[in-house]
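Trainee: Only the shape, not the letters, is given here:
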Ligand code: UTP
């Protein structure tokens with residue numbers, strides 16, 4: 001407990017059991033979460049963001065064909081021995097090292113939806129608040145101020161449940177979970193507000209706002225009980241948004257507007273945009289990438 005009587009967020013769930021059908025055939029044998037943006041797979045960006053926010057235990061909800069994700073965070077003896085033998089530094093592998101005992105995998109035997117994937121972690125979560133990362137949503141904040149770090153800072157003051165949100169053009173809301181925003185909280189510069197309702201993939205007419213849920217959450221463990229008895233929702237899947245909507249009114253729910261950029265790397269266009277954006281900022285590549293892009297555009 002901190003001085004506000006709030007339990008710290010020490011655990012994070014990474015649901016990675018989805019089928020990744022939008023990237024087929026690339027994702028037939030390789031998990032979507034292992035597709036790289038420049039030289040790091042998507043899952044690495046999410047794990048880095050979790051660690052920056054002070055999260056200790058990583059819980060991966062995996063399924064068939066997802067073994068490479070766990071391998072990525074294991075020690076690769078042959079590789080390390082060969083690299084060391086060639087006089088190469090192993091520093092590049094540092095982000096893949098996990099403290100023994102801090103990586104847990106849970107199998108979601110059938111991908112029945114995000115809500116179901118989260119529910120699979122109930123025994124590991126126990127009675128603690130926890131974070132959720134959807135690794136195909138790449139959140140890039142200022143150095144040292146990633147999305148989850150911003151959320152944990154808000155959480156340590158307000159507690160309860162927090163959802164990361166951002167604005168999209170109104171005609172795009174039907175692809176996302178959308179919030180009904182309430183009053184802004186004092187002392188957060190307009191970035192934290194109450195959530196009075198949530199709806200998954202509404203029609204443009206039915207959407208309560210153009211603020212969408214953007215792949216990062218801090219939730220209280222009671223959500224597991226709500227998910228337990230939940231019926232299927234949009235797309236015939238057990239939806240996390242529906243479970244959270246049912247908790248509103250019984251627990252505090254707030255939205256945090258992320259100060260940074262979000263790339264939807266679950267879609268091909270978003271993935272290409274993220275690659276281009278990060279390449280154009282990469283200290284070693286930026287100048288060459290810019291020249292290459294200009295050449296390709298005939299500019
Ligand atoms: P998506 O909606 O992006 O689905 O899931 P998907 O299967 O990964 O990709 P497409 O739409 O077929 O291309 C959002 C997140 O929830 C996880 C996914 O792995 C992704 O991180 N998920 C989804 C599960 O872990 N289990 C599920 O049953 C569904």
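Mentor: On my side now, so go ahead. Since we're looking at a predicted model, the values are computed, not measured.
Trainee: Could you find the closest non-adjacent residue to the residue in the stretch 1-150 of the chain positioned nearest to the ligand?
Mentor: Of all residues in the stretch 1-150 of the chain, residue 18 sits closest to the ligand, at 2.3 Å by CB to the nearest ligand atom. Glycine gets a C-beta too; all of them are placed from N, C-alpha and C. Excluding the flanking residues, the one nearest residue 18 by CB to CB, 6 or more residues apart in numbering is residue 111, at 5.8 Å.
Trainee: try residue 233
Mentor: Of all residues not flanking residue 233 in the chain, residue 239 sits nearest, at 3.9 Å (CB to CB, 6+ apart).
Trainee: give the contact list for that neighbour.
Mentor: Residue 239 sits next to 113-115, 177, 200, 230, 232-233 when contact means CB atoms under 8 Å, 6 or more residues apart in numbering.
Trainee: go again using 7 Å as the cut-off
Mentor: 113-115, 200, 233 (CB atoms under 7 Å, 6 or more residues apart in numbering).
Trainee: Can you name every helix or strand that the strand or helix carrying residue 139 contacts?
Mentor: Taking DSSP states H and E as the criterion, residue 139 maps to strand 137-140. With contacts taken as 3 or more CB pairs under 7 Å, 6 or more residues apart in numbering; DSSP states H and E, strand 137-140 sits against helix 42-52, strand 211-219, strand 261-264.
Trainee: any chance of these in JSON lines, with distance to residue 81 too?
Mentor: Formatted as JSON lines, the helices and strands packed on strand 137-140 follow (distance: least, CB to CB, whole Å):
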{"stretch": "helix 42-52", "distance to residue 81": "22"}
{"stretch": "strand 211-219", "distance to residue 81": "38"}
{"stretch": "strand 261-264", "distance to residue 81": "36"}
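Trainee: Out of these, which one sits most buried?
Mentor: strand 211-219 (a mean of 24; mean count of other CB atoms under 10 Å).
Trainee: Any part of that strand near the ligand?
Mentor: No: in terms of CB under 6 Å from any ligand atom, no part of strand 211-219 sits within range of the ligand; the closest distance is 8.0 Å.
Trainee: Kindly report the same for stretch 57-72.
Mentor: Yes: residues of stretch 57-72 are located near the ligand by CB under 6 Å from any ligand atom, namely residue 61.
Trainee: do stretch 184-202 as well
Mentor: No: using CB under 6 Å from any ligand atom, stretch 184-202 stays clear of the ligand, with a minimum separation of 10.4 Å.
Trainee: Give the buried residues for that stretch.
Mentor: Neighbour counts over stretch 184-202 (16 or more other CB atoms under 10 Å) mark 184-185, 188, 192-195, 198-202 as buried.
Trainee: Considering those, which is situated nearest to residue 106?
Mentor: residue 200 (23.2 Å; CB to CB).
Trainee: List the contacts of the closest one.
Mentor: Applying CB under 7 Å, 6+ apart, we find residue 200 in contact with 177, 233-234, 239, 241-242.
Trainee: Enumerate every residue touching the nearest residue to it once chain neighbours are set aside.
Mentor: Once flanking residues are discounted, residue 200 sits nearest to residue 241: 4.0 Å by CB to CB, 6+ apart. The neighbours of residue 241, taking CB under 7 Å, 6+ apart as the test, are 177, 198, 200, 213.
Trainee: Show me which residues of the stretch 1-150 of the chain are close to the ligand?
Mentor: Selection of the stretch 1-150 of the chain residues close to the ligand by CB under 6 Å from any ligand atom yields 15-22, 32, 61, 108, 111-114, 116-117, 134-136.
Trainee: Next secondary structure element downstream of the host helix or strand of residue 78?
Mentor: Applying DSSP H and E as the criterion places residue 78 in helix 77-85. Sequence order places strand 103-107 as the next helix or strand after helix 77-85, per DSSP H and E.
Trainee: what's the angle from that following strand to helix 42-52?
Mentor: Counting by axes from the mean of the first three to the mean of the last three CA atoms, to 10 degrees, strand 103-107 lies at 130 degrees to helix 42-52.
Trainee: Tell me which residues are up against whichever helix or strand comes after strand 103-107.
Mentor: Next helix or strand after strand 103-107 toward the C-terminus (DSSP H and E): helix 114-119. The contact list for helix 114-119 (CB under 7 Å, 6+ apart) reads 13, 15, 17, 61, 108, 132, 224, 227-228, 230, 238-240, 242-243.
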